[in-house]
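**Student:** fold the stuff below for me.
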Amino acid sequence: MSKKNKFGTFAGVFTPSILTILGVIMYMRLGWVIGNAGLMGAIAIIILAHVIAITTGLSVSSVATDKKIGAGGIYYVLSRSMGIPIGGSIGIALYVGTAFSIALYLIGFAESFNGYFDLGTSINNYRITGTIALVLLTALALISTSVALKAQFFILAAIIISILSIFLGTNEFAPEKIPMFASEGAVSMEVVFAIFFPAVTGFTAGIAMSGDLKDPKYSIPIGTLSAIGVGLIVYIALAVFMAKTINSELLKTDYNILMKIALFAPAVVAGIWGATLSSALGGILGGPRILQAMSVDKVTPKIFGKGKGKNNEPVNALLLVFIIAEAGILIGELDVIARVVSMFYLTAYGFINITYFLESWANPDFQPTFKIKRWIGFLGFVASFGVMFKLDMLAMFGALAVVGGLYFWLERKEVKLQSNDVWRSVWENVVNKGLKQIDSQATTESSNWNPNVILFSGASAHQHFLLELSKTVSGRTGVVTNFKLILDKENIKHQKKADQIVRDELLTELGIFGRQIKVDNIYTGITNIATTFGFSGVEPNTIMMGWPKGLENSVEYSKMTETLLHLDYNLLYLDFDMKTKFGDYQTVDLWWRETDSKNAEMMLNIARFIIGSPKWNKTNIRVLFVNNNNVNKKIIKIKISKLVEDLRVNVKIKIINNTVEQKAFYDIIEEQSVSTDLTLVGIPDYKIEKQAEFILKTNHLFENIGSTLLVKAANNFNVLDLDFSKKQKKQKNKKIRI
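**Tutor:** Purely as a prediction, here's the structure:
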């Protein structure tokens, strides 16, 4: 089977993006924008449009580096990060906007083509030329995506030559005085902005090719932002040049003025045709991939999800793009189509920015490699909808209603699609009415594990470190409540509720809730709190405390442990080394064995939160697996790498062969983790009567290594199959049969 073709940053993202940015608006309407708005007004419009483009580009680039990226561009990125309802509603808006933008580019091509060959400049003439161009480009896309992308290199060269020809051209039409602002009788700034805005929407052409990229997490941020930056420089430079070289009346009325001032007019013609046709081709290639990805997820009809050939080309989706684009061509007026396209893109960009803002603010699982400030997303949202409000208030409310309707329609399909949803984290931050929302949408999926910790830190010299670690492993939105237990064996007089609340400087600094409770017995007190504490929406799911020493024969401690296990809490016990503390906060070891099927996944979740903490953000994490069954190391490493990759934690994997020596598990830990800053070890399943033996062995381990966190996962964590010996036997049997 032939391998699927993949493209790099330049061919797959930058080139289709920059060709769409330096397109029909630059050649056919930038002069008109300057003529109506004046030089300063035009620059203000260019900068405002790029504020929206840059913030959206940054937002989508950050989201794109959070999870694995497949086909579908912005839709795929948002649906996998925010959930199907958000991704689908924005994806549909983008898809329609992309399809209409094809018509925009082809009507622009028709204006230039017909004017150059004197084929007639009526709307019907433009419709005929635009339709013929659409048929030819669709045929090219059907023949080969690779050929279409390679053709864009020649078009890029033509655009560069045409721009140079413009800058080296004549100044015979130069004005006596450069108009800085709009003159009397000029078109309103709102209309001018609406017609110009599609010029900056081209960066989505590259993102739409996400499924065809070699390394989308690298290529999308670099290619997208580079294209936007280059486009901004070119537009401002051209605006200044045209204002100095051409008088405003010509700029307003002559859409082909660039050909007349250029050093070599045919170069400009080639640039215009290349830019308009390549921009249309970018939409023809990218639009169907958005629809195909939505259809695969059952957001849109399945028929559009089917592809053909080795690259799974979205033929059915392409035909629908053709129909929508043709409907736009039949409108026939570039200015009208530009305003329609602007509304679709502004709506999509506004929602992209606000969903990024919510994701980065509320979701503890959001850990992109390309990090930006949260306020950038909010700025992009305000700018997008502020501009929409100014352009057309009714259109803005209509767009909100349509996207909102799509969201609630898709939300009803959420159970079938089983996608994640950022709103759970949002409601946890908002707290107020959100508690009911969280309760109704409660999820037990460990991939979205949000630790809510009941902490029993006690008064000790290392309490600060236990509090610090509890906040670290709970992430940004997890709730930690620290209980101080006051032993009062008679316990006759109950505390007032107000007296139970503890507020001190350390707890406030760490963001931990404090409580103090009188109990007549420490162990029954812990059991009672674990049984009753919490409320709907943010139920505690984790108990954390210091490791008990000297309690190996305590019946009360055994009963408490048995109850906590029965309640199905995640259990975390910290043995803190007062000498080494947490060292330099630079090394963490995760110890796995065949019996750690659930503990292993919980450790990976804890590791994700640890590396998100400022103190631990430069840490090196190792997963160490003890191979007791002579399993091929390569098989184990591949399997563990896949498990680690799915949870997006960068770790080093070390396989320790123990087939011959058969050393005790704890002895191996002593050898390998003696200098580790924090070691995570799973608590195995054992009968409660074996607790004393387990504690004694564990105490001996703690004497020889640094600070250690013992982990016991609850049943809601997935079982990771770490028994590799079965798989090796199956593979050997298959070879024998062959």
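**Student:** beta partners for N620?
**Tutor:** In this structure, N620 bridges to T587 when assessed by DSSP bridges.
**Student:** list the contacts of it.
**Tutor:** Contacts here follow C-beta atoms under 8 Å, 6 or more residues apart in numbering; on that basis N620 touches Q586, T587, V588, K652. From N, CA and C alone the C-beta is placed, and that goes for glycine too.
**Student:** shouldn't L104 be in contact with D335?
**Tutor:** No - in this structure, L104 is not within contact of D335 by C-beta atoms under 8 Å, at 9.7 Å.
**Student:** who has more neighbours, the two?
**Tutor:** Legend: neighbour count by other C-beta atoms under 10 Å for L104 and D335, higher for L104 (34 against 14).
**Student:** secondary structure element for the more buried one?
**Tutor:** Under the assignment given by DSSP states H and E, the secondary-structure element containing L104 is helix 84-117.
**Student:** what element comes up after that helix heading to the C-terminus?
**Tutor:** Counting by DSSP H and E, the next helix or strand C-terminal to helix 84-117 is helix 123-143.
**Student:** so what's the residue count around I324?
**Tutor:** I324 is flanked by 17 other residues according to other C-beta under 10 Å.
**Student:** what does F154 give?
**Tutor:** Burial of F154, expressed as a neighbour count using other C-beta under 10 Å, amounts to 12.
**Student:** just A93 next, same as before
**Tutor:** Considering only other C-beta under 10 Å, A93 is surrounded by 25 other residues.
**Student:** and if you look at K214?
**Tutor:** For K214, using other C-beta under 10 Å, the count is 13.
**Student:** can you check E661 too?
**Tutor:** The burial metric for E661, expressed as a neighbour count using other C-beta under 10 Å, is 9.
**Student:** do T676 as well
**Tutor:** 22.
**Student:** quick one: it from T587, how far?
**Tutor:** Remark: distance between T676 and T587 (C-beta to C-beta, to the nearest Å) = 5 Å.
**Student:** what mean pLDDT does the helix or strand containing L410 get?
**Tutor:** Following DSSP H and E, the helix or strand that holds L410 is helix 393-411. pLDDT averaged over helix 393-411 equals 81, rounded to a whole number.
**Student:** and the helix holding L104, which residues are buried?
**Tutor:** Neighbour counts using 16 or more other C-beta atoms under 10 Å place 84-114 of helix 84-117 among the buried residues.
**Student:** spatially nearest residue to the residue of the chain positioned farthest from its centre (excluding sequence neighbours)?
**Tutor:** Distance from the centre of the chain peaks at E490, with 55.4 Å (C-alpha atoms, centre = their mean). If you skip the residues right next to it in sequence, E490 has D520 as its closest partner in space, 7.2 Å away by C-beta to C-beta, 6 or more residues apart in numbering.
**Student:** confirm for me that that neighbour is in contact with K489.
**Tutor:** Yes - at 5.1 Å, D520 and K489 qualify as touching, with contact defined as C-beta under 8 Å.
**Student:** quick one: which of those two has more around it?
**Tutor:** Between D520 and K489, counted using other C-beta under 10 Å, the more crowded position is D520 (12 against 7).
**Student:** phi first, then psi, for the more buried one.
**Tutor:** Backbone torsions of D520, given as degrees, to the nearest 10, read phi -90, psi -10.
**Student:** let me see the contact set for it.
**Tutor:** If you count contacts by C-beta under 8 Å, 6+ apart, then D520 has L487, D488, K489, E490, N491 around it.
**Student:** likewise A227?
**Tutor:** V13, F14, S17, I18, I21, G202, F203, G206.
**Student:** so the protein: which segments form each domain?
**Tutor:** 9-416, 447-724 (automatic domain parsing).
**Student:** and those, which is most packed in?
**Tutor:** With neighbours defined as mean count of other C-beta atoms under 10 Å, the domains of the chain peak in mean count at domain 9-416, which reaches a mean of 21.
**Student:** just how off-centre is that one within its chain?
**Tutor:** When distances are taken as C-alpha atoms, centre = their mean, to the nearest Å, domain 9-416 is centred 21 Å away from the chain's centroid.
**Student:** also stretch 667-680?
**Tutor:** For stretch 667-680, the gap between its own C-alpha mean and the chain's C-alpha mean amounts to 35 Å (C-alpha atoms, centre = their mean).
**Student:** number the chain from 3, please
**Tutor:** Sure, I'll start counting at 3 from here, so that last one is stretch 669-682.
**Student:** run through who's touching that stretch.
**Tutor:** So stretch 669-682 is contacted by 582, 584-593, 605, 608-609, 612, 621, 626, 628, 656, 658, 660, 683, 703, 706-711, 713 (C-beta under 8 Å, 6+ apart).
**Student:** can you show me the CA trace of it as PDB?
**Tutor:** What follows is stretch 669-682 as a C-alpha-only set of coordinates in PDB (Å, rounded to 0.1, in the frame of the first residue of the first chain):
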ATOM      1  CA  ASP A 669      15.200  -3.300  46.200                       C
ATOM      2  CA  ILE A 670      15.300  -2.200  42.600                       C
ATOM      3  CA  ILE A 671      13.600   1.100  43.500                       C
ATOM      4  CA  GLU A 672      16.300   1.700  46.100                       C
ATOM      5  CA  GLU A 673      19.000   1.200  43.500                       C
ATOM      6  CA  GLN A 674      17.400   3.300  40.700                       C
ATOM      7  CA  SER A 675      15.700   6.200  42.600                       C
ATOM      8  CA  VAL A 676      18.100   6.900  45.500                       C
ATOM      9  CA  SER A 677      18.700  10.500  44.300                       C
ATOM     10  CA  THR A 678      15.300  11.200  42.700                       C
ATOM     11  CA  ASP A 679      13.500  14.400  44.000                       C
ATOM     12  CA  LEU A 680      10.100  12.700  44.100                       C
ATOM     13  CA  THR A 681       9.300   9.000  43.500                       C
ATOM     14  CA  LEU A 682       5.800   7.700  42.800                       C
END
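**Student:** what average pLDDT does it get?
**Tutor:** When the per-residue pLDDT values of stretch 669-682 are averaged, the result is 93.
**Student:** stretch 59-78 now?
**Tutor:** Across stretch 59-78, pLDDT averages out at 78.
**Student:** between the two ends of that stretch, how far is it?
**Tutor:** 15 Å (C-alpha to C-alpha, to the nearest Å).
**Student:** who's in contact with D570?
**Tutor:** When contacts are counted by C-beta under 8 Å, 6+ apart, D570 touches A716, N717, N718.
**Student:** dump those residues to JSON lines, plus secondary structure, pLDDT and distance to Y351.
**Tutor:** As requested, these are exported to JSON lines (DSSP: H, G, I helix; E, B strand; the rest coil; pLDDT from 0 to 100; distance: C-beta to C-beta, whole Å):
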{"residue": "A716", "secondary structure": "coil", "pLDDT": "87", "distance to Y351": "41"}
{"residue": "N717", "secondary structure": "coil", "pLDDT": "83", "distance to Y351": "43"}
{"residue": "N718", "secondary structure": "coil", "pLDDT": "77", "distance to Y351": "38"}
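**Student:** between those residues, which sits nearest I49?
**Tutor:** Looking at those and their distance to I49, the nearest is N718, at 50.1 Å (C-beta to C-beta).
**Student:** could I get the phi/psi values of that closest one?
**Tutor:** Geometry field for N718 lists phi and psi as phi -80, psi -10, criterion degrees, to the nearest 10.
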